[in-house]
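1. Fold the following and give me the result.
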Amino acid sequence: MVAGAAEVLLGTSVKIDGLSLGILRPYIKIKGFKVYNPRGFPKGVMIDVPEISVKYDLRALLKKKLHLEDVVFNLKEIDIVKNKDNAVNINSLGPLKNNNKKNTSKKSRKSEPLAIKIDTLRLTIGKLVYKDFSSGGKPSVSVSEINIKNKVYRDISSVRKLAILILAGPIKQAGIKGGAIYGVAAALGTAVLPVGAAAVIIGRDNSTAEFKNSFDNVYNKALNVMKKMGSLKSENKSKGAIRGNIGLTGVAISITKKDNGIIKVNVSARQYVLPKPKIAAGLLHEISEALK
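-> Coordinates of the predicted model:
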């Protein structure tokens, strides 16, 4: 029921792993809330929220009014995708569609998203992954560690404002610009590990993660990802070394086996002499996805 209502509101597929309702207290807890990419984009999760908790006003709900007194929104990852037609996945979300169109007609005003009142929103966001397929070839992937923790917003009056509050900060922090995607950030005016990774460190030009996996599997997956995302220059399995290019950026992947059986993967990226940590993190993200 909740997932179905969310799909109607957002205009795309939604999955919920678990839902619990308070009996003596008016609260809802949602586990594993995932919003998937709409049609026209690669299959995958667009927004991954491991936990949402809501305290609501029961008397208002009985009057068919949605008044949420306190919302805790722990967002693990946002995956923004620009497809080969330069369309951006988040712009297909129902609450943002009207925001992207300069239409002030009566019909447009009538289609305003669900009116709600949120007294307090406590927002945590891990990372943002940006995938650009607009060149028509291999996608460029970058990762930005957002690390917003328990940021408080008050007096939110619509689903659209809620969506902009959640998305605008990470978009601006990640430095993503251009077209409607920048409009989301402008409208406001204003460390989550890869799946399967035991630890991750982001340095000046590199990202490092440790995986509980076999050396052969990690190496082979990393090699395949390098070939998929860019061009391979050299590889040496005995040394755990892979080198290649993603566009004009040179990347190097180092894979080593630690004494405790953990496989350490280090990815570095530089364009000429300039470090490109987001590209390194993007490549590491794709490796971790391949190891799922």
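
2. Give the phi and psi angles for residue 264, as a check.
-> The phi/psi pair for residue 264 (degrees, to the nearest 10) reads phi -100, psi 130.

3. which ones are touching residue 124?
-> 73, 74, 75, 148, 149, 150, 151 (CB atoms under 8 Å, 6 or more residues apart in numbering). Heads up, the C-betas are built off the backbone N, CA and C, glycines and all.

4. Among these, name the ones in helices.
-> Per DSSP state H, helices hold no members of the contacts of residue 124.

5. Considering the residues you listed, which possesses the most neighbours?
-> Counting neighbours by other CB atoms under 10 Å, residue 75 leads these with 24 neighbours.

6. and the gap between that one and residue 176?
-> Distance of residue 75 to residue 176, computed by CB to CB, to the nearest Å: 16 Å.

7. quick revisit: pipe the contacts of residue 124 into a markdown table and attach pLDDT and distance to residue 43 per row.
-> A markdown table is the format used below for those (pLDDT from 0 to 100; distance: CB to CB, whole Å):
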| residue | pLDDT | distance to residue 43 |
| --- | --- | --- |
| 73 | 95 | 25 |
| 74 | 96 | 24 |
| 75 | 95 | 20 |
| 148 | 89 | 27 |
| 149 | 90 | 30 |
| 150 | 91 | 32 |
| 151 | 90 | 31 |
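
8. how about these in TSV, adding distance to residue 84?
-> Shown next, in TSV, are those (distance: CB to CB, whole Å):
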residue	distance to residue 84
73	32
74	33
75	27
148	31
149	36
150	38
151	34
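
9. between those, which is closest to residue 18?
-> The nearest member of the contacts of residue 124 to residue 18, counting by CB to CB, is residue 74 at 14.1 Å.

10. Please report how far that closest one lies from residue 96.
-> For residue 74, the distance to residue 96 - CB to CB - is 21 Å.

11. Run through the bridge partners of the residue most central in space within the chain.
-> With distances taken as CA atoms, centre = their mean, residue 78 lies nearest the centre of the chain, 1.3 Å away. Judged by DSSP bridges, the bridge partners of residue 78 are residue 47, residue 128.

12. surely it meets residue 163?
-> No. Assessed by CB atoms under 8 Å, residue 78 is found out of contact with residue 163, at 11.4 Å.

13. Tell me where the stretch 101-250 of the chain has strands.
-> Counting by DSSP state E, counting those that start in this stretch, residue ranges of the strands within the stretch 101-250 of the chain are 115-132, 140-158, 197-202, 206-211, 231-236, 241-246, 249-257.

14. is it true that residue 212 touches residue 264?
-> No. Shown here, residue 212 and residue 264 do not form a contact pair, counting by CB under 8 Å, at 11.3 Å.

15. Pick out whichever of the two has more residues nearby.
-> Higher neighbour count among residue 212 and residue 264: residue 264, with 17 against 12, using other CB under 10 Å.

16. How confident was the prediction at that one?
-> pLDDT, residue 264: 94.

17. just checking, it touches residue 258?
-> Yes. If you go by CB under 8 Å, residue 264 and residue 258 touch, sitting 5.8 Å apart.

18. Can you pull the residues that touch both of the two?
-> Joint contacts of residue 264 and residue 258 (CB under 8 Å, 6+ apart) are residue 210.

19. what stretches of the stretch 101-250 of the chain score poorly on pLDDT?
-> Scanning the stretch 101-250 of the chain with the threshold set as pLDDT under 70 gives 101-115, 177-204.

20. now do 90
-> 101-116, 132-140, 142, 144-148, 156-207, 228-230, 247-249 (pLDDT under 90).

21. ranges for the helices of the protein?
-> 2-10, 58-62, 94-97, 106-110, 159-174, 179-188, 215-229, 277-290.

22. what's the most buried one of those?
-> Most buried of the helices of the chain, by mean neighbour count (mean count of other CB atoms under 10 Å): helix 277-290, with a mean of 24.
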